[in-house]
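Following is a predicted model, sequence given first.
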Amino acid sequence: MKAADNSGCSHIIISRTGVNRIKIVPLPNNKRDIKKFVKFSWKIYERDPYWVPPLIIDQINFIHKGVYHDTGIIQTFMVYRGNEPVGRIIAHYDRGYNERFNCRRGCFGFFECIDDPDVSNALLDALGGSGDGATLPGAWIAV
């Protein structure tokens with residue numbers, strides 16, 4: 001298995017307003033980068049009066065060394081427009097599940113982004129392996 005290419009991949013979106021460069025970045029599994037991933041939620045929900053923020057340290061520990069690491073492979077992705085983070089997602093491939101049920105399925109979570117179809121499409125493209133994301137066995141989503 002190859003390690004994630006942390007340089008990310010660029011998606012160039014041509015829209016009516018011009019060229020919009022979006023970069024998908026697979027994050028390494030270290031606490032510094034996972035903290036950035038966790039804190040992105042504040043950008044999305046900070047004005048929602050009903051949002052209850054998670055405990056940052058709990059989220060970092062869950063992602064950095066949680067049970068997912070015992071059963072399979074996880075990869076966090078952030079999407080940037082310029083230097084600004086605009087979305088995030090985690091992909092997980094559970095070896096035990098796939099061996100038991102003789103399939104190749106993955107799942108995803110922590111899917112959050114600004115209200116922009118280009119950003120959400122870029123995040124979902126990272127799951128499908130159409131970009132330069134981490135190389136993992138099988139597919140992120142059901143095949």
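Great, that's in hand.

what does the helix or strand containing residue 38 rub up against?
Assigned by DSSP states H and E, residue 38 belongs to helix 31-45. With contacts defined as Cβ atoms under 8 Å, 6 or more residues apart in numbering, helix 31-45 is touched by 27, 51, 53-54, 56, 59-60, 63-64, 76, 78, 85, 87-88, 110, 112-114. Placement of C-beta: from N, CA and C, glycine included.

go with 7 Å
27, 51, 53, 56, 59-60, 63-64, 76, 78, 85, 88, 112 (Cβ atoms under 7 Å, 6 or more residues apart in numbering).

Separate out the buried members of these.
Among those, those buried by neighbour count (16 or more other Cβ atoms under 10 Å) are 27, 59, 60, 63, 64, 76, 78, 85, 88, 112.

following the helix holding residue 38, which helix or strand comes up?
Downstream of helix 31-45 (by DSSP H and E), the next one is helix 56-65.

Run the chain-centre distance for that next one.
Here helix 56-65 is found 15 Å from its chain centre; the criterion is Cα atoms, centre = their mean, to the nearest Å.

Now do it against helix 31-45, angle only.
Relative orientation of helix 56-65 versus helix 31-45 (axes from the mean of the first three to the mean of the last three Cα atoms, to 10 degrees): 130 degrees.

Which neighbouring elements make contact with the following helix or strand past helix 56-65?
Of the helices and strands lying after helix 56-65 in sequence (DSSP H and E), the nearest is helix 68-71. Using 3 or more Cβ pairs under 7 Å, 6 or more residues apart in numbering; DSSP states H and E as the contact test, no helix or strand touches helix 68-71.

now the chain, which segments are flagged as low pLDDT?
For the chain, applying pLDDT under 70 flags the ranges 1-20, 129-143.

rerun that using 90 as the cut-off
Along the chain, segments meeting pLDDT under 90 span 1-22, 65-74, 82, 92-99, 103-108, 121-122, 124-143.

chain center to stretch 81-90, what's the gap?
With Cα atoms, centre = their mean as the basis, stretch 81-90 stands 9 Å off its chain's centre.

Which residues does that stretch contact?
Outside stretch 81-90, the residues that touch it by Cβ under 7 Å, 6+ apart are 22, 37, 40, 63, 74, 76-80, 108-114, 116, 119-120, 123, 126-127.
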